[in-house]
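In: sequence first, then the predicted structure:
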Amino acid sequence: MKTAKICDSCKTVLRSRDPINEFAKRIATLAFCGSDCGNETQSASDFSPGVVESDEELASCVCHPNHTDKDGEVVYKASDFAFTHGMSVTRLSHKDGGLESVISFCRDTFCKPGRDYRGTYVFKASAPRGVFWRDGTRAFMVLDTAGKSLIAHADVIATRYHGDLARLASTEKLDRLKAQISFFRKMKPVDESA
Ligand SMILES: [Zn+2]
């Protein structure tokens, strides 16, 4: 993969986090940028170690109640943030302390009081990238969204059907659910009992 920086207009979109729960919707516009900023061969951040390769291992935090059903079981909702705030993931090969430090972050910081830690899940970037809508277009992008102090940061971003699932039309809801279930099947919980 070649690495090039994205265009100024997309950088502005990327840097804006206001309103935070529409970040995914905004960033999905990169997919339609004339300068090809959403094709994932572009490095989206000046701070990043490069584009996210498809065989890279990514880790994400899972908390209750955001990612669980009413019985507290972790479900497809583990990717809900890909439709709202952006689903933050850590690129394990670029993270000091590796998986251990991600687990500590998830447990002690991300699932902060008010939410319960339900695990750290890992998957390859190819997992969300391999999910498609029924018309054959990509359901998710994995974009390098490194920050100055968070160089291993990336986001999984849905390309359609943003916002609350409950507010979508029923056919859209069904399509989104299918995509999220398909992605979730490829997310593996880290065994922390070892
Ligand atoms: Zn662009």
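Out: That came through fine. Numbering: from 1, shown residues only.

In: list the buried residues of the longest helix seen in the chain.
Out: Looking across the chain with DSSP state H, the single longest helix is helix 170-184. Of all the residues in helix 170-184, those buried under the rule 16 or more other Cβ atoms under 10 Å are 175-176, 178-180, 182-184. (Glycine included, C-beta is placed from N, CA and C.)

In: what is the mean pLDDT for it?
Out: Per-region confidence: helix 170-184 scores 98 on mean pLDDT.

In: next one: stretch 98-105
Out: pLDDT averaged over stretch 98-105 gives 95.

In: hmm, back to that, next secondary structure after the longest helix of the chain?
Out: As assigned by DSSP states H and E, the chain's next helix or strand after helix 170-184 is strand 188-189.

In: that older thread, alpha carbons only: can I get the longest helix of the chain in PDB?
Out: Extracted in PDB, the C-alpha atoms of helix 170-184 (Å, rounded to 0.1, in the frame of the first residue of the first chain):
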ATOM      1  CA  SER A 170     -37.000  -1.100   8.500                       C
ATOM      2  CA  THR A 171     -35.100  -2.200   5.300                       C
ATOM      3  CA  GLU A 172     -32.100  -0.100   6.400                       C
ATOM      4  CA  LYS A 173     -32.300  -1.500   9.800                       C
ATOM      5  CA  LEU A 174     -32.200  -5.000   8.500                       C
ATOM      6  CA  ASP A 175     -29.200  -4.300   6.200                       C
ATOM      7  CA  ARG A 176     -27.400  -2.600   9.100                       C
ATOM      8  CA  LEU A 177     -28.100  -5.500  11.400                       C
ATOM      9  CA  LYS A 178     -26.800  -8.000   8.900                       C
ATOM     10  CA  ALA A 179     -23.600  -6.100   8.500                       C
ATOM     11  CA  GLN A 180     -23.000  -5.700  12.200                       C
ATOM     12  CA  ILE A 181     -23.700  -9.400  12.800                       C
ATOM     13  CA  SER A 182     -21.300 -10.400  10.100                       C
ATOM     14  CA  PHE A 183     -18.600  -8.200  11.500                       C
ATOM     15  CA  PHE A 184     -19.300  -9.400  15.100                       C
END
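
In: so that it lines up with my notes, have the first residue be 40 from now on.
Out: Yep, numbering from 40; the last one is helix 209-223 now.

In: so what does that helix touch, helix or strand wise?
Out: Using 3 or more Cβ pairs under 8 Å, 6 or more residues apart in numbering; DSSP states H and E, no helix or strand is in contact with helix 209-223.
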